[in-house]
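In: need the 3D shape of this:
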Amino acid sequence: ADQLYESLQRAIDEDFPEDPIDIEKIFSTWELNPGVPVLHVDVNGTDMTFTQERFFLNGQTSDDIWSIPINYAVGSNPDFSITKPDFWLHERSKSISSANAPKPWTENDCIIVNARATGYYRVDYDIDTWLHIINHLHGPFHEIDPINRGQLVDDSFNLARNGRIGFDISLGIMDYLRNEINYIPWALANRANILLNRWLIGTVVYSDYQAYIRSNVELVYNRFGASIKDNDTRVQRFTRAIAIDLACRARSEQCLTDTSEQLQNLVQSGILIAPDVQQTIYCNGARLANSATVEFLQNRLQSTNRQPERGFILAGLGCVENVTLLFNHLFLAIRPGFSFTNTERFNILNSPLNHGDASLQVMIDFIRLNYGGINLIDSSFVANLVSNIATRVSSEIMFAEFESLTEHLELNGALTADQRNNFKAAAREILAWQDDNLFDFIRYFYINRPQ
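Out: The predicted structure is shown next:
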C-alpha cells in the first residue's frame, strides 16, 4: 500500500502542483475502514453542517472516519454535471456558510449532496431538507439528475430501514415516481418495493400500499406496456420488465389482462414470448391461469431443454393463485417419472414463496403432508424450505400456521429442536419490524390516500 500511495502521490504532484492532495490520508481511510459512511446534512438557514459516521442497517455506531469528497447542487442552480469535490471532509463534522460556500444557497432551497452519486456514501438530511427535496421531486424533478433521483429513492429507503428517518419520508420520495419513466430510479425503487411488499402483506395497510404502487407505476406501465417493440433500447426493455412486475404484483387489472393475453397467445396460437419478458410474463400471466394453461406449461417444461426458459416456467407456475392447481404443481417435485434435476425440484417446491399468504399456506400444507417424500429427494430440502418460509411470515395468523408446521416436523423427526427454535425466532423478525414501523405507513396513507 505504501508503494502504491507513493507512486500515485508522485503522479498527482506532477499533474496538479497547485492543488496537492494527500493520497495516503484519503486512500487509507477507504482501505482500512470497514463498511461505508453515511453523511448527515443539517441545513439551518444559511449554514450547512456535514457529519459523518459508519452506516449500519441495524443502527449501530462506530468511531470510523473517512476522507469524503463532498459536492452538492442547489435547487436555485441545479447543475449536476460537475462531480469534482467542492471540498473534502476529513473530520467527523464540518460547517460551511452560504456566504463563502462554493455554491451559495438561499433559505428553503432544495439541496442535494453527492452529484451523480460519484462518492461512495449514503446521504441523510434534516427533516426540513427532506421535505424540500420531496417538494422539488413533485415539481420540476427533471432538474435533478436521474442518478440522483435514484440515489434519493435508495438512500431514503435504507435510512428508513435503519431508523434514521421514518418510512413516511421514503414513501414521500418514491411517490414522485408516478411521473418517472427513467430506468435508474425505477430499478432502485423496485429493489425497495420487493422488500416492502414482503413486509406489508397481511397488514391493515396492504391494500393502501397496493393502491399506492398502482398509482405510481401507471405512467411507466402505460408508456412501455407488456409487449416488446422493435425499436426498444436495452434499457427500455429492462424498465418494461420492472413496470410489469410492480403493476401486476399490485393487482393492476390492465397488467393482469395484458400478461394473461400474452401467455394465452402462446398457449392457443404458439406465439412465442420475447426472451426479455419471459420471466415476468410466465409469472404474471399465470396468476389467473386455469387447469388447461397449467397443463400446457407443464408439457412445455417437459419438452424444452433451454435452461433459462425451464427456470422461468418453473417460477411462473409458482405464481398460480388457484390453490388446488398450485398444490398439484408442487407434486411435480416429488412425483416419479419427471426428468428434473434436484435443483429444479427444490425450485418447484420453493416457487410460491414470494406470492402472498395464500401461496405460503399452500407451501406449508404441502410440506406438512409430504415431508417424507421431500426428504427422499434431498435430506436438506425440508429444513431449507422451512427456513425460507420463516423469512416471509408477515402476520400473526401465518405465524401460528408456521409454528404448527415446525412442531409437526419436530415431532416426526424432520426438524431438530434447535432448528425449530431458530426458525421460529426468524419468523418473528418481520412481525417485530411491523411493530416498530407500521405506524409510519398508517399515517402516510391516512394523510395522502384518503378513503
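In: which residues does R249 contact?
Out: By Cβ atoms under 8 Å, 6 or more residues apart in numbering, the contact set of R249 is N197, I213, N284. Glycine gets a C-beta too; all of them are placed from N, C-alpha and C.
In: reformat these as TSV; add pLDDT.
Out: Below are these laid out as TSV (pLDDT from 0 to 100):
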residue	pLDDT
N197	96
I213	97
N284	95
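In: can you list which of those are found in helices?
Out: Mapping the contacts of R249 onto helices (DSSP state H) picks out N197, I213, N284.
In: please identify which of the residues you listed is nearest to V382.
Out: V382 lies nearest to N197 out of the ones in helices among the contacts of R249, by Cβ to Cβ, at 26.2 Å.
In: and for E107, the neighbour number?
Out: 9 (other Cβ atoms under 10 Å).
In: oops, could you answer that again for G172 instead?
Out: G172 has 21 neighbouring residues, counting by other Cβ under 10 Å.
In: what's the answer for D276, then?
Out: Neighbours around D276, by other Cβ under 10 Å: 16.
In: state the pLDDT value of Q60.
Out: Q60 is assigned 84 on the pLDDT scale.
In: if the closest residue to it other than its chain neighbours is in a bridge, with which residues?
Out: For Q60, the nearest residue in space outside its immediate sequence neighbours is R54; the separation is 7.8 Å by Cβ to Cβ, 6 or more residues apart in numbering. Going by DSSP bridges, R54 is paired in beta bridges with P37.
In: quick check: R54 vs G316, distance?
Out: Distance, R54 to G316, by Cβ to Cβ, to the nearest Å: 41 Å.
In: re earlier: what's the closest of the ones in helices among the contacts of R249 to I112?
Out: Closest to I112, out of all of the ones in helices among the contacts of R249 and judged by Cβ to Cβ, is I213, at 25.0 Å.
In: find the nearest non-adjacent residue to the closest one, please.
Out: Nearest to I213 is A250, by Cβ to Cβ, 6+ apart, at 3.9 Å.
In: who touches the one you found in this structure?
Out: Q210, A211, I213, R214, V217.
In: list buried residues within these.
Out: Q210, I213, R214, V217 (16 or more other Cβ atoms under 10 Å).
In: return the member of the residues you listed nearest to A425.
Out: Nearest member of the buried ones among the contacts of A250 to A425, counting by Cβ to Cβ, is Q210, at 29.4 Å.
In: wait, T203 sits on L438?
Out: Yes - assessed by Cβ atoms under 8 Å, T203 is found in contact with L438 at 6.1 Å.
In: and the buried ones among the contacts of A250, which is closest to K84?
Out: V217 (36.2 Å).
In: per-residue pLDDT, the closest one?
Out: The model reports V217 with a pLDDT of 98.
In: helix or strand for it, which one?
Out: Assessed by DSSP states H and E, V217 sits inside helix 206-224.
In: dump the residue contacts of the closest residue to N135 other than its chain neighbours.
Out: Closest residue to N135 apart from its sequence neighbours, by Cβ to Cβ, 6+ apart: C110 at 7.3 Å. By Cβ under 8 Å, 6+ apart, the contact set of C110 is V74, G75, P78, T129, H132, I133, N135, H136.
In: how close does the fourth one sit to N448?
Out: The one in question is T129. Per Cβ to Cβ, T129 is found 20 Å from N448.
In: so between the two, which is more surrounded?
Out: Between T129 and N448, counted using other Cβ under 10 Å, T129 has the larger neighbour count: 21 against 13.
In: residues near the closest residue to the more buried one other than its chain neighbours, how many?
Out: In this structure, T129 finds its nearest non-sequential neighbour in V43, 4.9 Å apart by Cβ to Cβ, 6+ apart. Per other Cβ under 10 Å, the neighbour tally for V43 reads 20.
In: for V43, pull up the helix or strand it's in.
Out: Take DSSP H and E as the rule and V43 turns out to sit in strand 37-44.
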